[in-house]
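> give me the fold of what follows.
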Amino acid sequence: MVPLWWYIVLGVALFVIGAAGVLLRRNILVVLMSLELLLNSVNVNFIAFGHYYDDYRGQIFAIFVIAITAAEVAVALGILVALARNKSTLKVDEVSMMKG
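This next block holds a predicted model:
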């Protein structure tokens, strides 16, 4: 049996990689993938703690997070396709189209 702290270390590592990608990268696609890593690291911890405590609430909550993430990705990719058609760039610094 794998100890709980291995899952916590995996979740922390994924979270740090995702946070570094969000803060350091300038390509919008890489930022979105880094956000996915952040959410998946939280899901790993939800499922690990749910299994450790023999409770299904962590797994159910992880499924809800996955569903919300799928909806977020669908909307974000639609916006990116429209942005790529109009601006021909996906750099975060060069996009000012959505400023009010």
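
> could you use CA atoms for every contact and neighbour count after this?
Fine.

> which stretches of the chain aren't confidently modelled?
95-100 (pLDDT under 70).

> the same query, at a cut-off of 80, please.
Applying pLDDT under 80 to the chain picks out residues 86-100.

> tell me which residue lies nearest the centroid of it.
Centroid-nearest residue in the chain: Glu36, 1.8 Å away (criterion: C-alpha atoms, centre = their mean).

> check contacts around it.
18, 69 (C-alpha atoms under 8 Å, 6 or more residues apart in numbering).

> quickly find the element holding it.
Taking DSSP states H and E as the criterion, Glu36 maps to helix 28-52.

> next SSE after that helix?
Next element after helix 28-52 (DSSP H and E): helix 57-87.

> which strands and helices sit next to that next one?
Secondary-structure packing of helix 57-87 (3 or more C-alpha pairs under 8 Å, 6 or more residues apart in numbering; DSSP states H and E): helix 28-52.

> buried stuff in the helix it packs on?
28-32, 34-50 (16 or more other C-alpha atoms under 10 Å).

> likewise for stretch 16-28?
So for stretch 16-28, counting by 16+ other C-alpha under 10 Å, buried means 16-19, 21-22, 28.
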